[in-house]
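*Asks:* give me a model of this one.
(2 chains)
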Amino acid sequence: MYWWAALFLAALAAPAAVYPVFLMNVLCFALFASAFNLLIGYVGLLSFGHAMFFGFAAYVTGHMVKVWGWDPLLGVLAGTAVAAILGLVSGTIAIRRQGIYFAMVTLALSQMVYFFCLQAKFTGGEDGIQAIPRRPLAGILDIGNDFVLYYVVLLIFVVAFLTIYRTIHSPFGQVLKAIRENEPRAISLGYAVDRFKLIAFTLSAALAGLAGATKAIVFQLASLTDVSWQMSGEVVLMTLVGGMGTVFGPVVGAAIIVTMQNYLAGFGEWVLVIQGTIFVITVLLFRRGIVGELLGLTAQSHRARPAHEPAAATQSKAPAE
Amino acid sequence: MFTLIGVPPQALFGQLLLGLINGAFYALLSLGLAVIFGLMNVINFTHGAQYMMGAFCAWMLLTYFGVPYWGALLIVPILIGTFGVIIERLFISRLYHLDHLYGLLLTFGLALIIEGLFRRQFGSSGLPYANPIPGGTNLGFMFLPWYRGWVVAFSLAVCIATWFMIEKTQLGSYLRAATERPDLVQAFGINVPRMITLTYGFGVGLAALAGVLAAPIYSVNPVMGANLIIVVFAVVVIGGMGSILGSIITGFGLGVIEGLTKVFYPEASNTVIFIIMAIVLMLRPQGLFGTPK
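*Replies:* Numbers count the residues shown, from 1 in each chain, chains lettered A, B, ... in the order given. Below you'll find the predicted structure:
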């Protein structure tokens, strides 16, 4: 627990040293990656379409705050709710298949949402929704000030992160892990596997939507980039680099990738090459991610026995669909 | 000017032909994906990038070395197929003992690298490739450009040849046997790892061939594969990867449906395949030609 307290204090003090908008960007992506990790790390489902929740929630929030003049708080909540509904619908379709097919189906569904956003009137097409106003939150809190907004975003992140942590460590989370390890056995034990998957998918979608909605308020922008397949790939990369199936992995991964993008912004197309290279190196050399490898090292030195392989790897013996 | 079901026949048949051409690319690409997946259980995310490489390779051969289209049609699949073999040996073969998802992540990373390098070199705007068979004929109800007719006929021939090779020859029987029980086939003295490598090369070669065919129709550009491959994934999910003939039929069929949608309800033409995918998943999750596990 000392760890957690130290991290929290560091997060409280961080804006004194680092540009708050950058920190908020990291927090939004950390939340997005943690939401994604809930699926791949604890249910063993690789969604390649999480950008649809992230980006679509951003559009909904942007539209409600800018055009309808809603309070940002209500706007963010509405974006999250719409993402949850979208998650429920797309989840119902996607969980009909497992493994690689699940990844392809989610990718295809998110591409459908992308084309919808490209053509729909309210999204502003190629321009996106720009200059979303930062009205006082709940009518009183001046979020036009970056420092004030930072603490709001931090609060959102902490609440969502604890929700994920609580979910993973609940009896519900144990069933999810059982499904990840051996789905046929979970079925034979009488668990309604599909319902568990659907609930996890919807929760993950809602939290990804919360991240996207928050990002729309922070950057005052909702654009096609946020719903594109590249964004889905980025969140996979963050989680993979940090460590799939670890609580802090996605946060570390998001911090690394966002920092990297900040420094490499001037290099244009090389960013794509570098991201791809990191993908390849991570998959070939350290599949457990940074946090996963560190946990493995400490576990080894404590108990002198090999640590667990990360989530997805344990399924390698399961028959292909 | 008479009309057919409320639209002029020129537009209808024109879109139908365009649909058939798209369908030909869907069929060629999903066929390659299915062959690779069947043997290796790897979904080849690099497929779109390899298709794009095929188109660029044809363009470079023409621009830098003066190799005409017909030469490229033969050389490019071999070149890019060899590239695929190297990729398989260097990277993908290290992941067979792991969960298939890692194969997907690896090939996704490779696709990003390839796409980034090509964008870096050639920019995002398209490069033109001259039509090797200009002109066409008027069929009375529509104008048929020779090249487009050639693409449809040639892709169909390649698809059927692939089907024949896999279903009717001895080599194909080894391949099918290795798909079912690689360990047993290896025990009979067949070099399964080499077969896997060559199969990957073959699938990649098919993608490159589709790229060469596409070069004179679409402009050659670095993102041409990325957008196409997502649609092809949906096609694969609809058809199910169990059957070669199924991939071919689904590919052409969905191309035609997409073309018809462009005529009757253009707003949905980008999404119609994804909608069909969602419907198929609800009614028949294993795909139209897939077998339930």
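*Asks:* would you agree B:S219 is in contact with B:P128?
*Replies:* Yes: with contact defined as Cβ atoms under 8 Å, B:S219 reaches B:P128; the gap is 6.2 Å. Heads up, the C-betas are built off the backbone N, CA and C, glycines and all.
*Asks:* give me the more crowded residue out of these two.
*Replies:* B:S219 (15 against 10; other Cβ atoms under 10 Å in any protein chain shown).
*Asks:* count the residues that sit near residue 110.
*Replies:* Looking at chain A here, since you left the chain open. For A:S110, using other Cβ under 10 Å, the count is 28.
*Asks:* looking at chain B here, not the other one
*Replies:* A count of neighbours around B:L110, defined by other Cβ under 10 Å, yields 23.
*Asks:* what's the nearest residue to A:A108 if we skip its chain neighbours?
*Replies:* B:A234 (4.1 Å; Cβ to Cβ, 6 or more residues apart in numbering or on different chains).
*Asks:* show the contacting residues for that neighbour.
*Replies:* A:104, A:108, A:111, B:273-274, B:276-277 (Cβ atoms under 8 Å, 6 or more residues apart in numbering or on different chains).
*Asks:* in JSON lines, list those residues along with distance to A:V65 and neighbour count.
*Replies:* Formatted as JSON lines, these follow (distance: Cβ to Cβ, whole Å; neighbours: other Cβ atoms under 10 Å in any protein chain shown):
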{"residue": "A:M104", "distance to A:V65": "35", "neighbour count": "28"}
{"residue": "A:A108", "distance to A:V65": "30", "neighbour count": "29"}
{"residue": "A:Q111", "distance to A:V65": "27", "neighbour count": "27"}
{"residue": "B:I273", "distance to A:V65": "34", "neighbour count": "27"}
{"residue": "B:F274", "distance to A:V65": "29", "neighbour count": "27"}
{"residue": "B:I276", "distance to A:V65": "36", "neighbour count": "20"}
{"residue": "B:M277", "distance to A:V65": "33", "neighbour count": "26"}
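*Asks:* which of those fall within helices?
*Replies:* Judged by DSSP state H, the contacts of B:A234 include A:104, A:108, A:111, B:273-274, B:276-277 as members of helices.
*Asks:* so, low pLDDT: which residues of the chain?
*Replies:* Because you didn't say which chain, this covers chain A. Along chain A, segments meeting pLDDT under 70 span A:303-321.
*Asks:* actually chain B
*Replies:* Ranges of chain B meeting pLDDT under 70: B:1-6, B:292-293.
*Asks:* excluding chain neighbours, what is closest to the closest residue to chain B within chain A?
*Replies:* Nearest to chain B, among the residues of chain A, is A:F279, at 2.6 Å (Cβ to the nearest Cβ). Counting by Cβ to Cβ, 6+ apart, the nearest residue to A:F279 once its immediate chain neighbours are dropped is B:G109, at 2.6 Å.
*Asks:* dump the residue contacts of the one you found.
*Replies:* Contacts of B:G109 by Cβ under 8 Å, 6+ apart are A:275-280, A:283.
*Asks:* what's the helix or strand for it?
*Replies:* helix B:100-122 (DSSP states H and E).
*Asks:* can you list the buried residues in that helix?
*Replies:* By 16 or more other Cβ atoms under 10 Å in any protein chain shown, the buried positions in helix B:100-122 come out as B:100-119, B:122.
*Asks:* circling back: SS state for the residue nearest to A:A108?
*Replies:* What DSSP: H, G, I helix; E, B strand; the rest coil gives for B:A234 is helix.
*Asks:* from A:A120, how far off is it?
*Replies:* Distance of B:A234 to A:A120, given as Cβ to Cβ, to the nearest Å: 20 Å.
*Asks:* equivalent analysis for A:G139, please.
*Replies:* A:G139 is 30 Å from A:A120, by Cβ to Cβ.
*Asks:* more neighbours: those two, which one.
*Replies:* A:A120 (11 against 8).
*Asks:* circling back to that earlier point, got the contacts of B:G109 as CSV, with secondary structure, distance to B:L79 and neighbour count columns?
*Replies:* Output for these, formatted as CSV (DSSP: H, G, I helix; E, B strand; the rest coil; distance: Cβ to Cβ, whole Å; neighbours: other Cβ atoms under 10 Å in any protein chain shown):
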residue, secondary structure, distance to B:L79, neighbour count
A:Q275, helix, 26, 24
A:G276, helix, 21, 24
A:T277, helix, 23, 16
A:I278, helix, 28, 19
A:F279, helix, 25, 24
A:V280, helix, 22, 20
A:V283, helix, 26, 24
